[in-house]
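Visitor: Quick check, what structure comes out for this input:
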Amino acid sequence: MEYKEQKFNLPELKGLSSKQIEVHLGLYAGYVKHVNLIREKIAELESDKEKNAYLIAELRRRFSFEFDGMRMHEYYFEGFESGAKEISEGELKNALAEKYGSFENFIEHFKAVGMSRGIGWTTLYWDPKGNTPHVTWVGDHELGTLSGLPILVAMDMWEHAFMVDYVPSEKVSYIDAFLSNLNWEVVENRFSS
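Guide: Numbering: from 1, shown residues only. All right, here's what the predicted structure looks like:
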């Protein structure tokens, strides 16, 4: 089994240039490629597991970085498919308003997490056991994830996501562009799945 690049139905995005999206999609393609390369290399090295134990272990560690990079980018780009749509009145909006005081407060909290120093992801999860949303910072794709929780929104905060259009000191403008292009219908479908 080989992983394939997902194709996304992306309209023209407000505040994110086609050049920015093209560069970012190229990076995503690299994650897909490396997931497949690592899997192939591990299979080769397993012909002599004892001799190659160290290399196999290191490749397995690297696999989680590449795999989560691939998946997080899929969540990211899917969130823009078919154009921006506002969140509808319903369970998800109510849950966000309940936890954060209002939907607008949730947006401000999400932005504040996005403004954290460093590289990573601002991620909205849904905890079905706790019946509550969580906004967290995820560094290096695989570090800081909340185990077993479905991802509803993944906002890429690595510089590659915005450096064609914005310098690091303009990160807040990128966050505003991300949120203005988000298709909340995609997010709500993830929530109800």
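Visitor: can you give me the offset of stretch 62-73 from its chain's centre?
Guide: The chain centroid and the centroid of stretch 62-73 are separated by 10 Å under C-alpha atoms, centre = their mean, to the nearest Å.
Visitor: How about it, which residues are buried there?
Guide: Using 16 or more other C-beta atoms under 10 Å as the burial criterion, the residues of stretch 62-73 that qualify are 62, 63, 65, 66, 67, 68, 69, 70, 71, 72, 73. Bear in mind the C-beta positions are built from the backbone N, C-alpha and C, glycine included.
Visitor: Likewise for stretch 181-193?
Guide: Taking 16+ other C-beta under 10 Å as the neighbour-count basis, stretch 181-193 is seen to contain the buried residues 181, 182, 183, 184, 185, 186, 187, 188, 190, 191.
Visitor: now stretch 136-150
Guide: Buried residues in stretch 136-150, counted by 16+ other C-beta under 10 Å: 137, 138, 141, 142, 145, 149.
Visitor: The last one: what's it in contact with?
Guide: Translated: residue 149. Residue 149 makes contact with 125, 126, 127, 128, 134 under the criterion C-beta atoms under 8 Å, 6 or more residues apart in numbering.
Visitor: The third one touches residue 135, doesn't it?
Guide: No - between residue 127 and residue 135 no contact is recorded; they are 11.6 Å apart, counting by C-beta atoms under 8 Å.
Visitor: Compare those two (neighbour count), which wins?
Guide: Neighbour count, other C-beta atoms under 10 Å: between residue 127 and residue 135, residue 135 has more, with 21 against 13.
Visitor: partners of the host helix or strand of that one, with directions?
Guide: In the assignment (DSSP states H and E), residue 135 maps to strand 132-138. Based on DSSP bridges, the strands next to strand 132-138 in the sheet, each with its direction, are strand 121-127 (antiparallel).
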